[in-house]
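Asks: Following is a predicted model, sequence given first.
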Amino acid sequence: MEEGTIAKWHKKEGDKVESGDVLVEVATDKATVEYNALDEGYLRKILVPDGGAAVVNQPIAVFTEKADEKIEGYKPEGEAPAKAEPKEVSGKKEEAPATSKAPAGAAMQQPGFAPEPPLEKYEFQFPTGEPMSRVPASPLAKKMAKEKGLDLTTVKGTGPRGRITSKDLNLAQPDQAVSFGKREMPTAQPGAYEEMALTPMRKVIAQRLQQAKTFIPHIYVRQEIDAGALFEAREQLKNGNLKVSFNDFVIRACALALREHPNSNSGFDSTNQSIILFKTIDIAVAVSVEGGLITPIVRHADYKNIGEIAAEVKELATRARMGKLKPEEYKGGSFTVSNMGMYGVTDFCAIINPPQSCILAIGGIEDCAQVKNGIVVPGKRMNVILSADHRVVDGAEAAKFIKTVQKYLENPSLLLI
């Protein structure tokens, strides 16, 4: 964590605070965390208000032991955002943009990360000027056209900027009883937009995915799954009041496949230029939350049956959407599953979550026609796509892994034992 956002102050300036009182809520990239006061005293001055951002070690408030202790002129200790320094450009001094700087050691040093490359700068400007009306015409021309039943769209104006005047109406056609219909043009200027600041979660997502797609050589392996047996297995469990999702079957299948192909249960350390072979199978599950994405982890997934996986994923996903996950519940993992089947998509390619070397993208189950024993019969299919880091996993290894996943998903009874 390099910076956070003050979500809410629970005390106001001048309040007495007891040890253990909830003082402030801090929004990180993954969750909103309550901060409790360590000592009793008085909150004298709030330096970073609700909604404000602060880097690690930056003072956010002034706290005193006594209510009347003087704080005028007091300069809090700790790091503050770096100030803009003028720089020389062609013999002239130019003000550099202000940036935030975290203290030494506070920057993220997770394996698989590399410095962010400089990107081309894009400057956005709001369009200027008033939007042109659908039919520019003088008030008199509009009144006369309405009275005579004339269609202003059938005539070209001869006034300033093509404005229709009363003199132009002799060329206008009468309104038709049957037409394609008319709609008022929107009032917004073409190209108009509004700007929205990135949330702490979205900032980290943007940084991580940009780095992953820039520096990791992705290889994609796609496999179509005959999902008929999988669909029937889920229906049979449902008839026995055992509620599991297709995603739970996929997690279990990946866990068993990773046992057989341990090289896919790996990562890449770009700092040491080395391959990381994980000793446990910990599967991260992508969960959509408000404002972004989080990946809670099913630890030792290969040692858990499908019922245990279903219960754990449901509980983790619920707390993820509430922002109540603990760091150890979403940090780490050796492999990731990302499922968008519930949205009805056929398939998609997921971006690897560093420092892991693989992520499996799951599409929706669709009805299809299949040929079995020379006869066309109705069936069901599902597409899965493995994204692998080619520095760690070769194409042949990726193919073997995804074929093993196919074996388990097309024979779901193997996942129940």
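Replies: Cool, got the structure.
Asks: just the helices in the stretch 1-150 of the chain please.
Replies: All helices of the stretch 1-150 of the chain, identified by DSSP state H, counting those that start in this stretch, fall at 139-148.
Asks: Give me the below-cutoff pLDDT ranges for the chain.
Replies: Applying pLDDT under 70 to the predicted model, the residue ranges of the chain that meet it are 79-134, 176-185.
Asks: Using the record's domain definitions, break it down for me.
Replies: In the assignment given by automatic domain parsing, the structural domains of the chain cover 3-64, 209-415.
Asks: neighbouring contacts of stretch 37-49?
Replies: With contact meaning Cβ atoms under 8 Å, 6 or more residues apart in numbering, stretch 37-49 is reached by 6, 9, 11-21, 23, 54, 58-67, 69, 71, 76. Bear in mind the C-beta positions are built from the backbone N, C-alpha and C, glycine included.
Asks: what do you get if the cut-off is 6 Å, keeping everything else the same?
Replies: Judged by Cβ atoms under 6 Å, 6 or more residues apart in numbering, the contacts made with stretch 37-49 from elsewhere in the structure are 6, 11, 13, 15-19, 21, 23, 54, 59-65, 67, 71.
Asks: One more: stretch 154-161?
Replies: Here stretch 154-161 makes contact (Cβ under 6 Å, 6+ apart) with 163-165, 168, 171-173.
Asks: Also stretch 383-398?
Replies: So stretch 383-398 is contacted by 216-224, 263-264, 266, 268, 275, 347, 349-350, 352, 357-363, 402 (Cβ under 6 Å, 6+ apart).
Asks: Quick one: end-to-end distance for that stretch.
Replies: Terminal residues of stretch 383-398 lie 15 Å apart, using Cα to Cα, to the nearest Å.
Asks: do stretch 380-397 as well
Replies: For stretch 380-397, the first and last residues are 27 Å from each other (Cα to Cα).
Asks: any idea which of the domains of the chain is most buried?
Replies: domain 209-415 (a mean of 18; mean count of other Cβ atoms under 10 Å).
Asks: my guess is residue 57 meets residue 78, correct?
Replies: Yes: counting by Cβ atoms under 6 Å, residue 57 touches residue 78, with 4.9 Å between them.
Asks: Would you state the strands of the stretch 201-350 of the chain in chain order?
Replies: Using DSSP state E, counting those that start in this stretch, the strands assigned to the stretch 201-350 of the chain run over residues 218-226, 266-269, 274-277, 283-285, 287-289, 292-294, 297-298, 335-339.
Asks: Checking residue 384 next. Helix, strand or coil?
Replies: The three-state label given to residue 384 by DSSP: H, G, I helix; E, B strand; the rest coil is strand.
Asks: Likewise for the one 4 residues further on?
Replies: Three-state secondary structure (criterion: three-state DSSP) places residue 388 in strand.
Asks: and it, what are its bridge partners?
Replies: Beta-bridge partners recorded for residue 388 (DSSP bridges): residue 219, residue 358.
Asks: For residue 250, see how far away it is.
Replies: Note on residue 388: its distance to residue 250, by Cβ to Cβ, to the nearest Å, is 17 Å.
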